[in-house]
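> Sequence and computational prediction follow.
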Amino acid sequence: MSEQEQAEIRLEFSRLKQDHTDFDAAINAMVATNCDPLQIQRMKKKKLALKDRMRALEDRIIPDIIA
């Protein structure tokens with residue numbers, strides 16, 4: 001993998017990490033204001049999808065080395 005590709009992956013990872021943090025704050029605010037539980041659940045699913053995407057990007061950056 002070229003350095004350019006790694007830089008792009010790291011940039012996307014940092015953007016997703018920020019989005020994940022934003023979702024976390026939004027969910028906490030929704031819980032605090034007794035928002036619709038279905039809407040909270042949808043936000044949590046989106047947050048989980050972001051985390052899955054972040055994990056996939058990490059796997060591309062860090063090679064799987066069998067010791």
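Cool, got the structure.

> Neighbours of residue 31, how many?
As a burial measure, residue 31 scores 12 neighbours (other Cβ atoms under 10 Å). Quick note: C-beta positions are derived from backbone N, CA and C, even for glycine.

> Quickly find the element holding it.
helix 3-32 (DSSP states H and E).

> what comes up buried for that helix?
Going by neighbour count (16 or more other Cβ atoms under 10 Å), the buried part of helix 3-32 is 9, 13, 16, 20, 23, 27, 30.

> and which of these is nearest to residue 60?
Closest approach to residue 60 among the buried residues of helix 3-32 (Cβ to Cβ): residue 9, at 5.8 Å.

> Please report the distance of that closest one from residue 1.
Using Cβ to Cβ, to the nearest Å, one gets 8 Å for the distance from residue 9 to residue 1.

> shared neighbours of these two, which are they?
When contacts are counted by Cβ atoms under 8 Å, 6 or more residues apart in numbering, the set common to residue 9 and residue 1 consists of residue 60.
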